[in-house]
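> turn this into a model:
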Amino acid sequence: MAAAAQPPRVLHCHSTFSPGGKEVRCARLMNGWGGRLSHTIVSAEPAALGAAALIAADVPVAYPVDFPPLKGRPTPARLLRIARAMRGFDLVCTYNWGAMDAVMAHRLFARALGLAPLIHHEDGFNEDEAAGLKRSRNLYRRAALGGGARLIVPSQVLESIARDVWHQPPARLHRIANGIDTAAFAAPADPHALPIRKGPGTRWVGTLAGLRAVKRLPDLVAAFAQMPPEWELVICGEGPERAAILAAAQACGLSGRVHLPGNVDPARVVGLFDIFALSSASEQFPLSVVEAMAAGLPVAAPDVGDIRTILPQPNAALITPAGDVEKLGASLARLASDAELRARAGAANRDRARSQFDSAAMRAAYEAVYAGAMGRGF
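All right, here's what the predicted structure looks like:
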């Protein structure tokens, strides 16, 4: 009897693999494909592998400890080491600026080393490019991406940047909206999924975010200061900004009302919130907002990325100018004082999420792009 065909081998080079939008999406795609693909995951921040906990036990996945660092000066010798480590795969997937040296390594050495096709995924920008893209990085991206088979972006804003700034041809560029298992987020939340409890009469403003500077979470604390005393702020996630968030809470006299429970399973937790809030300086198509929508929550958020096109009309008045802490606080206070508005916006959000942002369509679109790049199905 002939041996069963081995599943295609996919190398994932991430800027970080701590739980965030792109990492959660990657893990959910891997879970949806099960054993049909075999995965190897590398992080530019080697210790940042927290999203590994989201990958199902039956998914074939490895985390090599000897892969060349993705960070460093892009010297030819270092890029060659990265390229040599890419051998033996059927597809190379790279993610965000933190993996761009891997993209350049592939561009320079793919033909000589017979490397598999590369698909780059761009989901947004860190604090250092939140106010504007750096010219030097744009030139580097343009050069590196010239050798990729495909470029996937989740938002209209990123699609425009990729086309007009990075000069990506239409045949290479694919916009795939982020999707989630909307049924999972419509299910009742689990009160025991957090190490804190919601007391009688207490209401929660919640968010899901990596605790990074670009998320501007101290600004969210400052905006929350306008909320009535029965409201508490729950910020779920981990990252280097934890101390800054706690300091902001203390400065605002909110230490007893701001909670940082760490990483969570979003589907078990989001429904415990009464309002979902976003405070980022830069987003494109934030998965956390779609998760909140699927759970039927109203959303207070700044006008960044595709937020205005994601949220339906009943929630549109709650979108505030990017970086305006006072107006974000006013939006939260308006929601706190108007239960009918919360219900109306939440119901419209749930309907929009179910009709436009379910994971099945997203997974099918990714599968088509991956299979097309490899020239084989899976």
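
> switch to C-alpha atoms for all contacts and neighbour counts from now on
Fine.

> any regions of the chain where pLDDT drops low?
For the chain, the stretches flagged by pLDDT under 70 are 1-4.

> for Phe185, see how far away Pro74 is.
42 Å (CA to CA, to the nearest Å).

> these two - which one has more neighbours?
Under the criterion of other CA atoms under 10 Å, the comparison of Pro74 against Phe185 puts Phe185 first, with 23 against 15.

> longest helix anywhere in the protein?
Taking DSSP state H as the assignment, the helix of the chain that covers the most residues is helix 339-356.

> what's the helix or strand following that helix in contact with?
Sequence-wise, the next helix or strand downstream of helix 339-356 (DSSP states H and E) is helix 359-374. Contact partners of helix 359-374, identified using CA atoms under 8 Å, 6 or more residues apart in numbering, comprise 29, 32, 90-91, 116-119, 149-150, 176-182, 377-378.

> list only buried entries from those.
Neighbour counting by 16 or more other CA atoms under 10 Å classes 29, 32, 90-91, 116-119, 149-150, 176-182 among these as buried.

> strands - which of these land there?
Counting by DSSP state E, these place Leu91, Leu118, Ile119, Arg150 in strands.

> separation between the first one and Gly148?
Think Leu91. In this view, Leu91 and Gly148 are 11 Å apart by CA to CA.

> mutual contacts of these two, please.
Pro117, Leu118, Ile119.

> show me the contacts for the second one.
Each residue near Leu118 by CA under 8 Å, 6+ apart is listed here: Leu91, Val92, Cys93, Thr94, Val103, His106, Gly147, Gly148, Ala149, Arg150, Ala373.

> now it: closest residue in space that isn't a chain neighbour?
Val92 (4.6 Å; CA to CA, 6 or more residues apart in numbering).

> the one you found contacts Ala116, correct?
Yes: with contacts counted by CA atoms under 8 Å, Val92 reaches Ala116, the gap being 6.5 Å.

> in what helix or strand does the residue nearest to Ile55 when sequence neighbours are not counted lie?
Of all residues not flanking Ile55 in the chain, Ala27 sits nearest, at 5.3 Å (CA to CA, 6+ apart). Assigned by DSSP H and E, Ala27 belongs to helix 21-33.

> what does His174 give?
Taking DSSP H and E as the definition, His174 sits inside strand 173-175.

> buried set for that strand?
For strand 173-175, the neighbour count (16+ other CA under 10 Å) marks Leu173, His174 as buried.

> who does it pair up with?
Here strand 173-175 is paired, per DSSP bridges, with strand 150-153 (parallel).

> so how far is the strand it pairs with off the chain centroid?
15 Å (CA atoms, centre = their mean, to the nearest Å).

> what do you get for stretch 277-295?
9 Å.

> how far away from the center of its chain is the strand or helix carrying Ala102?
Take DSSP H and E as the rule and Ala102 turns out to sit in helix 100-113. Averaging C-alpha positions (CA atoms, centre = their mean) puts helix 100-113 25 Å from its chain's average.

> list the buried residues of that helix.
Met100, Asp101, Ala102, Val103, Met104, Ala105, His106, Arg107, Leu108, Phe109, Ala110.

> burial count for Asp306?
Here the number of neighbours of Asp306 (other CA under 10 Å) works out to 17.

> so what's it up against?
Ser155, Gln156, Val157, Glu283, Gln284, Phe285.

> quick one: it from Pro19, how far?
Counting by CA to CA, the separation of Asp306 from Pro19 is 21 Å.

> only alpha carbons, please: show stretch 301-317 as PDB.
Output in PDB follows, covering the C-alpha atoms of stretch 301-317 (Å, rounded to 0.1, in the frame of the first residue of the first chain):
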ATOM      1  CA  ALA A 301     -13.300  53.400  19.200                       C
ATOM      2  CA  PRO A 302     -11.100  55.900  17.400                       C
ATOM      3  CA  ASP A 303     -11.400  56.500  13.700                       C
ATOM      4  CA  VAL A 304      -8.300  54.500  12.700                       C
ATOM      5  CA  GLY A 305      -7.900  51.900   9.800                       C
ATOM      6  CA  ASP A 306     -11.200  50.500   8.600                       C
ATOM      7  CA  ILE A 307     -13.100  51.000  11.900                       C
ATOM      8  CA  ARG A 308     -15.600  53.300  10.100                       C
ATOM      9  CA  THR A 309     -16.400  50.700   7.500                       C
ATOM     10  CA  ILE A 310     -16.500  47.800  10.000                       C
ATOM     11  CA  LEU A 311     -19.000  49.300  12.400                       C
ATOM     12  CA  PRO A 312     -22.700  49.700  11.200                       C
ATOM     13  CA  GLN A 313     -24.600  53.000  11.300                       C
ATOM     14  CA  PRO A 314     -26.100  52.700  14.800                       C
ATOM     15  CA  ASN A 315     -22.600  52.500  16.200                       C
ATOM     16  CA  ALA A 316     -21.100  55.200  13.900                       C
ATOM     17  CA  ALA A 317     -21.800  58.100  16.300                       C
END
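
> give me the distance from that stretch to the chain's centre.
Using CA atoms, centre = their mean, the offset of stretch 301-317 from its chain centre is 17 Å.

> list the buried residues of it.
So stretch 301-317, judged by 16+ other CA under 10 Å, has buried residues 301-308, 310-312, 314-316.

> take these and keep only those in strands.
Ala301, Pro302.

> do I have it right that Leu145 meets Arg107?
Yes: if you go by CA under 8 Å, Leu145 and Arg107 touch, sitting 7.4 Å apart.
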